[in-house]
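**Q** Take this sequence and fold it.
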Amino acid sequence: MSDDKSAGKRAATDTLPNRVKDQFGVRGMISDYMIPVETNILSYILGGVLAIALVLELATGMLLAMRYLPDAGRAYDITKTLLHEGGWSVVLNFHYWNAYLIFALVMIHMMRAFFSGGYRGSKKGLWQVGVGLSGVVFLLSITGETLHWDERGFAVPWHMSEILEAVGLDKVFNYTHADLKVIPKATDLLIPYYVMHVAILPIVLLALIAVHYYLIKVKGISLPFWHKPSGRTSSFGSHVKSWFVYGAAILGVILVISFFSRGAGPAPQLLPTSEFFGSKHGPGTLGITPTFPIGWTHGMNRFVAIAFGMEPDIWGTVIGLALMAGALIAVPYLDRGGPDAPRSWAEALSWRRRGWAFTAIALFWVVMIIGTLTNIITPIG
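**A** Below you'll find the predicted structure:
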């Protein structure tokens, strides 16, 4: 009888899903990976929803890469055509709107990690990997907006030429405003954004996600201090299931929105068909500004010009980026709360222990808010 039971047990476990788990190490990473039950809450599950959104963004991007060409004379028309082609319009719109969701989830995840003190002690490296992930998502937003190649996308290389001009390198790299208005030369300048968006940045993103997950597994998940620890654990697999439940609801909304038509935006000024063709001014002066989440960059340009008379105003973007990146990197080194995560609201909000860390995170948000509001109030310039 015991032999029959052993054989039955082996047969039950010798299924295709179990063989896959064993062969690819899924069991150790998910099924046998135990986490505190207190982390099965929405604020922690949104990190997994972010992972799903990123995977879908990469998948839709791979599909779009089959139709898109980084040709400065054709890219705009390709985008415009895709937006009027049934299934392709849904794919492109999902890719477009999902990018906004991803940025929002990155910000929510970052603030949750901040308040829960998920960077203290041996987890400083984990926080820095998260900062790197945020930076890669920001760069993906920039390069993605460029590839639309409407006048708004055209603004990205235009501003890059302004940065190079400000440091005297625009002619060295043949990256001048005049170069951007000639289609063959503009194509040479558009291709690097394409390569960054479809190859380099996705590879870096996936590598950082892998490191991020590994560090969380090795160092442990920071417990939410607003829940009393029970000592009970559950399989990470149950956590992943919650990802898909909430992901289906949140991403389902994005999918529904994707069925609604969306305009391609005004044609870039280097095309004869553009209403801005032959303009002597850049997109900002024409009133064409970046969308959120990168709209703050144009707003910071306007802010330093209005508040400090700084010229060229592109220094607003450079200063803003330096302040925001520096603030995020500095957070774990400014927190004086010790190696352990906060265990109560009093500890989490302690100004004596976390005052400088709060100042750093506030600086990050102040720059973004000032830039965003200025971009809305005074868009032209």
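**Q** so P157, which of the three states?
**A** The three-state label given to P157 by DSSP: H, G, I helix; E, B strand; the rest coil is helix.
**Q** The nearest residue to it once chain neighbours are set aside and F308: what is the separation?
**A** Nearest non-adjacent residue to P157, counting by Cβ to Cβ, 6 or more residues apart in numbering: L189, 5.4 Å away. In this view, the C-beta of every residue, glycine as well, is placed from N, C-alpha and C. Distance of L189 to F308, given as Cβ to Cβ, to the nearest Å: 30 Å.
**Q** for A248, same thing?
**A** For A248, the distance to F308 equals 48 Å [Cβ to Cβ].
**Q** show me what contacts the residue lying closest to Y68 once chain neighbours are set aside?
**A** Nearest in space to Y68, with sequence neighbours left out and distances taken as Cβ to Cβ, 6+ apart, is I78 at 5.8 Å. I78 makes contacts with 67-69, as judged by Cβ atoms under 8 Å, 6 or more residues apart in numbering.
**Q** Recalculate using a threshold of 10 Å.
**A** Neighbouring residues of I78 by Cβ atoms under 10 Å, 6 or more residues apart in numbering: 64, 67-71, 147, 149, 264.
**Q** is it true that R152 touches Q269?
**A** No. The pair R152 and Q269 fails to qualify as a contact (Cβ atoms under 10 Å) at a distance of 11.3 Å.
**Q** Just the buried ones from the contacts of I78?
**A** 64, 68, 70-71, 147, 149, 264 (16 or more other Cβ atoms under 10 Å).
**Q** Centre-most residue in this structure?
**A** The centroid of the chain falls nearest to V137 when counting by Cα atoms, centre = their mean (2.7 Å).
**Q** Give me the below-cutoff pLDDT ranges for the stretch 51-200 of the chain.
**A** For the stretch 51-200 of the chain, no stretch has pLDDT under 70.
**Q** now the helices: where do they sit in it?
**A** 75-82, 86-115, 124-148, 151-166, 177-180, 183-195 (DSSP state H, counting those that start in this stretch).
**Q** closest to P379 out of those?
**A** Ranking these by proximity to P379 (Cβ to Cβ) places helix 151-166 first, at 11.5 Å.
**Q** picking that back up, who are the neighbours in contact with the residue nearest to the centre of the chain?
**A** By Cβ under 10 Å, 6+ apart, V137 lies in contact with 50, 54, 57, 99, 102-103, 105-107, 201, 205, 208, 293.
**Q** if you set the cut-off to 7 Å instead, what comes out?
**A** Residues near V137 by Cβ atoms under 7 Å, 6 or more residues apart in numbering: 102-103, 106.
**Q** could you pull out the strands for the stretch 201-350 of the chain?
**A** Secondary structure of the stretch 201-350 of the chain, counting by DSSP state E, counting those that start in this stretch: strands at 233-235.
**Q** so can I have CSV of the helices of the stretch 51-200 of the chain showing distance to I380?
**A** Shown next, in CSV, are these (distance: least, Cβ to Cβ, whole Å):
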stretch, distance to I380
helix 75-82, 22
helix 86-115, 24
helix 124-148, 19
helix 151-166, 13
helix 177-180, 18
helix 183-195, 24
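**Q** To T317, which of those helices lies closest?
**A** Ranking the helices of the stretch 51-200 of the chain by proximity to T317 (Cβ to Cβ) places helix 151-166 first, at 6.7 Å.
**Q** how far away is the residue nearest to A166 when sequence neighbours are not counted from M62?
**A** Distance criterion Cβ to Cβ, 6+ apart; nearest residue to A166, sequence neighbours excluded, is P312 at 5.2 Å. In this view, P312 and M62 are 38 Å apart by Cβ to Cβ.
**Q** M324 too?
**A** Going from M324 to M62 by Cβ to Cβ gives 30 Å.
**Q** between those two, who's got more neighbours?
**A** M324 (22 against 11; other Cβ atoms under 10 Å).
**Q** which ones are touching that one?
**A** M324 neighbours (Cβ under 7 Å, 6+ apart): 364, 367-368.
**Q** what does L16 give?
**A** With Cβ under 7 Å, 6+ apart, L16 has no contacts at all.
**Q** Remind me which helix or strand the closest residue to S242 other than its chain neighbours belongs to.
**A** Nearest non-adjacent residue to S242, counting by Cβ to Cβ, 6+ apart: I45, 4.8 Å away. For I45, the element it lies in under DSSP states H and E is helix 42-65.
**Q** Is I380 part of a helix or strand, or is it coil?
**A** coil.
**Q** you'd agree it is up against G287?
**A** Yes. Taking Cβ atoms under 7 Å as the definition, I380 is a contact partner of G287 at 4.5 Å.
**Q** Figure out which of the helices of the stretch 51-200 of the chain is closest to W351.
**A** Using Cβ to Cβ, the helices of the stretch 51-200 of the chain put helix 86-115 closest to W351, at 14.1 Å.
**Q** packing partners for that closest one?
**A** Here helix 86-115 is seen to pack against helix 42-65, helix 75-82, helix 124-148, helix 236-258 when contacts are counted using 3 or more Cβ pairs under 7 Å, 6 or more residues apart in numbering; DSSP states H and E.
**Q** if we can go back for a sec, L189 and F308: which has the busier surroundings?
**A** Remark: of L189 and F308, L189 carries more neighbours, 21 against 11, as counted by other Cβ under 10 Å.
**Q** Okay, buried residues for the helix holding I45 please.
**A** Across helix 42-65, burial judged by 16+ other Cβ under 10 Å covers 43-54, 56-57, 60-61, 64.
**Q** Could you do stretch 171-182 as well?
**A** Residues of stretch 171-182 classed as buried: 175, 179-181 (neighbour count, 16+ other Cβ under 10 Å).
**Q** Spit out the contact partners of the closest residue to T297 other than its chain neighbours.
**A** Sequence neighbours aside, T317 is the residue nearest to T297 in space, at 4.4 Å (criterion: Cβ to Cβ, 6+ apart). Counting by Cβ under 7 Å, 6+ apart, T317 touches 159, 297, 300-301.
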